[in-house]
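**Q** Here is a sequence together with a model predicted from it:
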Amino acid sequence: MANIAFIGLGNMGGPMAANLVKAGHSVTVFDLSKQAVDGLVAQGATTKPSAQECVVGAEFVISMLPAGKHVSGVYLAENGLINHIAPGTLVIDSSTIDVQTAKSVGQALSAQNIEFIDAPVSGGVGGATAGTLSFMVGGSDEQFNKAKPVLENMGKNIFHAGELGAGQVAKVCNNMLLSVLMAGTSEALQLGIANGLDPKVLSDIMSKSSGSNWTLDVYNPCPNVMENVPSSNDYQGGFMVDLMAKDLGLAMDTAVASQSSTPMGALARSLYAMHAAAGNGGKDFSSIFNMFEHKNKN
Ligand code: NAD
């Protein structure tokens with residue numbers, strides 16, 4: 001069992017840290033929110049007054065923070081963790097952040113002989129709680145093999161995407177594709193409904209035909225086609241529009257940096273930005289379905 005410092009105990013980091021405690025690791029936690037820290041201490045973690053003190057003696061440091069500026073701030077700012085983590089420690093950043101920040105933080109730590117991998121996740125709060133997340137890791141083979149047993153306490157699928165930064169690239173590629181599939185599935189269902197089709201019948205036809213995809217199979221965006229999905233619960237729970245809009249912004253940054261053409265992703269980014277700006281940021285991302293509703297039917 002390992003000594004693990006865990007920084008960032010929000011919707012995702014809280015349950016992830018709790019699974020490490022359950023697996024028997026010695027977990028020292030820190031968050032700016034005292035309430036979040038207290039929640040983990042009640043589940044068996046320990047804490048220290050600062051992140052700097054938490055990382056002393058840690059074999060692994062894991063962070064789960066909102067965005068790139070938080071990650072570079074925590075590690076590289078004046079009195080950042082770079083000055084407190086022992087050489088040889090493996091830092092695992094599971095936040096979804098821009099590729100450039102992941103690389104620059106990794107390179108700065110590596111210059112101090114501190115190991116770093118980017119390991120963003122897919123699976124949402126449900127997956128974090130159940131310990132069934134997918135991890136997409138960017139780093140060397142040795143770093144991946146060292147991290148894998150720890151990541152397996154929080155996830156079911158642990159993928160080695162490639163070198164430093166590759167985990168973040170894999171994450172934005174996946175979420176960009178997901179957004180395109182969700183928007184496309186939504187407009188196809190609305191087209192059928194506007195022309196008199198029952199969305200359940202149409203979903204059944206398309207999911208057994210060449211239009212089949214994950215959103216039709218397990219996450220139908222039309223209310224009451226499936227049970228236990230956000231669309232049948234007023235789009236509550238699931239993966240928020242604001243987070244999808246954030247990930248699509250990262251996908252566009254990645255595309256610009258590599259001069260890649262992503263017309264479908266760019267359109268999906270605009271649709272999700274519009275949907276968020278219309279006040280839907282806190283709803284599940286399948287609520288994009290409502291954007292295509294045919295309101296002026298004869
Ligand atoms: P969150 O806002 O719930 O949690 C972030 C936590 O970081 C908060 O508790 C905050 O207090 C803490 N924090 C911020 N700055 C800090 C600092 N300097 N020191 C210590 N703690 C600090 O966010 P979340 O939903 O847990 O998401 C975390 C990351 O995971 C994001 O990058 C997000 O894009 C990604 N992600 C989220 C989901 C999801 O469904 N929520 C799914 C996959 C990936």
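**A** That came through, no problem. Residues are numbered from 1 along each chain as shown.
**Q** Residue 130 - how many residues pack around it?
**A** 14 (other CB atoms under 10 Å). Quick note: C-beta positions are derived from backbone N, CA and C, even for glycine.
**Q** What does it show for phi and psi?
**A** Dihedral angles of residue 130 (phi, psi; degrees, to the nearest 10) stand at phi -80, psi -10.
**Q** any idea how far it lies from residue 68?
**A** In this view, residue 130 and residue 68 are 27 Å apart by CB to CB, to the nearest Å.
**Q** again with residue 189
**A** Taking CB to CB, one finds residue 189 at 35 Å from residue 68.
**Q** Check residue 274 too.
**A** 24 Å.
**Q** Those two: which has the busier surroundings?
**A** residue 68 (22 against 13).
**Q** So in this protein, which helix runs the longest?
**A** Once the chain is assigned using DSSP state H, the helix that runs over the most residues is helix 166-194.
**Q** Let me see the mean pLDDT of that one.
**A** What helix 166-194 shows for mean pLDDT is 98.
**Q** List the buried residues of the helix or strand following it.
**A** Downstream of helix 166-194, the next assigned helix or strand under DSSP states H and E is helix 199-207. Burial within helix 199-207, assessed by neighbour count using 16 or more other CB atoms under 10 Å, is assigned to 199, 202-203, 206-207.
**Q** next one: stretch 53-63
**A** For stretch 53-63, the neighbour count (16+ other CB under 10 Å) marks 54-55, 58-63 as buried.
**Q** same check, this time on stretch 226-243
**A** For stretch 226-243, the neighbour count (16+ other CB under 10 Å) marks 226, 229-231, 235, 238-243 as buried.
**Q** got the end-to-end distance for that stretch?
**A** Stretch 226-243 has an end-to-end distance of 23 Å (CA to CA, to the nearest Å).
**Q** Stretch 192-211 too?
**A** Chord length of stretch 192-211, first to last residue, is 13 Å (CA to CA).
**Q** how far does that stretch sit from the chain's center?
**A** Relative to its chain's centre, stretch 192-211 lies at 30 Å (CA atoms, centre = their mean, to the nearest Å).
**Q** now the buried residues of stretch 226-243 in a markdown table, with distance to the ligand and secondary structure?
**A** Output for the buried residues of stretch 226-243, formatted as a markdown table (distance: CB to the nearest ligand atom, whole Å; DSSP: H, G, I helix; E, B strand; the rest coil):
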| residue | distance to the ligand | secondary structure |
| --- | --- | --- |
| 226 | 19 | coil |
| 229 | 15 | coil |
| 230 | 12 | helix |
| 231 | 17 | helix |
| 235 | 14 | coil |
| 238 | 8 | coil |
| 239 | 5 | coil |
| 240 | 7 | strand |
| 241 | 11 | helix |
| 242 | 9 | helix |
| 243 | 5 | helix |
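**Q** Relative to residue 79, which of these is nearest.
**A** Ranked by distance to residue 79 (CB to CB), those are led by residue 243 at 29.9 Å.
**Q** how close does that closest one get to residue 8?
**A** Residue 243 is 15 Å from residue 8, where distance means CB to CB.
**Q** quick one: residue 56 and residue 84 touch, right?
**A** Yes - Residue 56 is in contact with residue 84 according to CB atoms under 8 Å; the separation is 6.3 Å.
**Q** Would you mind listing what in the stretch 51-200 of the chain touches the ligand?
**A** The stretch 51-200 of the chain has residues 51, 64-66, 70, 73-74, 95-96, 121, 124-125 near the ligand, with proximity defined as CB under 6 Å from any ligand atom.
**Q** from those, which would you call buried?
**A** By 16+ other CB under 10 Å, these give 51, 64-65, 70, 74, 95-96, 121, 124-125 as buried.
**Q** With pLDDT added, can I get the residues you listed in JSON lines?
**A** As requested, these are arranged in JSON lines below (pLDDT from 0 to 100):
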{"residue": "51", "pLDDT": "97"}
{"residue": "64", "pLDDT": "98"}
{"residue": "65", "pLDDT": "97"}
{"residue": "70", "pLDDT": "97"}
{"residue": "74", "pLDDT": "98"}
{"residue": "95", "pLDDT": "97"}
{"residue": "96", "pLDDT": "96"}
{"residue": "121", "pLDDT": "97"}
{"residue": "124", "pLDDT": "87"}
{"residue": "125", "pLDDT": "88"}
